[in-house]
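*Asks:* Predicted model and sequence below, questions to follow.
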Amino acid sequence: MTAPEIDHHAAGYSPAHAYHLARAAALAYKDEPEIERQTAAWGFDRVRHHRTRFTPPFPLQHTQAYTAASDHMIITAFRGTEPAEIRDWLSDATTPPWPGPAKTGYVHYGFGEALESVYPAVNDTIAELRTNGQSIWFTGHSLGGALAMLAGTRMHLEAPNLTADGIYTFGQPRTCDRVLAAACNEALGKRLYRFVNNNDIVPQLPPEPAYTHVDSLRYIDGSGKVRESMTLLGGLADRAKGLTADPFAPATDGIRDHSISKYVSALGKNLT
């Protein structure tokens, strides 16, 4: 089946838009020329790149994102990080929390540091490129999903008259405390879609109860079908089924399921 073209007039949720925003999240891992080539093919004629490098002891090398604009739509996509790397530092419970957007609740220190390093440039870029009242979308995979959620939340809390039309995240880790999660659910509950692929290990980190997830889960089951809801027992059975998909390497299922390519492939199949 030929995938549909991205709809620059899209609003709300649709399987096609989820698929395209997953592809936009995957594109954030590419180099700048490839990002510019592909976004142009998707009908975006303006692109800005955001890149911030850190020095030790910050656990991540850098934060990267891009913003692409057309006359009707603006997408900001944040780059993620490798599963082993994010797993190691998300499991570190010694780092203090970072104040959340607009001093609402708290976020994991690494997310707060990463967002602060790049958000001002992202916000300025959206203000520069939004010359036609375009819709605004944030997306990202892994760490990028956490930053997409926080960027959209910060935009709303700091400028309530400017709210993102949608935030789609893929393999997002637990990002914030319950206070910020509640504020995000209230303000953006019908605009935020958090995809989790079967046994993906990263959404299970950092450990509860210090950090939690926002709502609006879209669960991709072991057969690749997107489900809007799943009972506790059904979810446990489906995850167990996923673990047996590769009998020779069940322990690595959580890493395999985290791959952005797995998300793109599954969402593409849900278009049929």
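*Replies:* Sure, I can see it. Worth saying up front: this structure is predicted, and the values here are computed from it rather than measured.
*Asks:* can you pull the contacts of the closest residue to Val107 other than its chain neighbours?
*Replies:* Leaving out its chain neighbours, the residue that sits closest to Val107 by Cβ to Cβ, 6 or more residues apart in numbering is Cys176, at 4.6 Å. C-beta coordinates here come from the backbone N, C-alpha and C atoms, glycine included. Neighbour list for Cys176: 100, 105-108, 111, 150, 184, 211-212, 214 [criterion: Cβ atoms under 8 Å, 6 or more residues apart in numbering].
*Asks:* Keep only those of those residues that are in helices.
*Replies:* In this view, those that belong to helices under DSSP state H are 111, 150, 184.
*Asks:* could I get the residues you listed as a markdown table with pLDDT, distance to Ala18 and neighbour count?
*Replies:* Listed next are the ones in helices among the contacts of Cys176 as a markdown table, based on pLDDT from 0 to 100; distance: Cβ to Cβ, whole Å; neighbours: other Cβ atoms under 10 Å:
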| residue | pLDDT | distance to Ala18 | neighbour count |
| --- | --- | --- | --- |
| Phe111 | 87 | 23 | 25 |
| Leu150 | 96 | 20 | 29 |
| Cys184 | 94 | 19 | 29 |
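*Asks:* how about TSV for those, with distance to Thr39 added?
*Replies:* Shown next, in TSV, are the ones in helices among the contacts of Cys176 (distance: Cβ to Cβ, whole Å):
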residue	distance to Thr39
Phe111	25
Leu150	23
Cys184	27
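*Asks:* Tell me the one of the residues you listed nearest Ser70?
*Replies:* Leu150 (24.6 Å; Cβ to Cβ).
*Asks:* average pLDDT across stretch 218-232?
*Replies:* Stretch 218-232 shows a mean pLDDT of 82.
*Asks:* Buried residues in it, which are they?
*Replies:* For stretch 218-232, burial by neighbour count (16 or more other Cβ atoms under 10 Å) applies to 218-222, 226, 230.
*Asks:* Identify, from those, the entry nearest to His258.
*Replies:* Of all the buried residues of stretch 218-232, Ile220 has the smallest distance to His258: 11.7 Å, by Cβ to Cβ.
*Asks:* what is that closest one paired to in the beta sheet?
*Replies:* Asn197, Val226 (DSSP bridges).
*Asks:* Could you report the separation of the residue nearest to Val107 from Tyr211?
*Replies:* Distance of Cys176 to Tyr211, given as Cβ to Cβ, to the nearest Å: 6 Å.
*Asks:* what touches both of these two?
*Replies:* What both Cys176 and Tyr211 touch, as defined by Cβ under 8 Å, 6+ apart, is the set His108.
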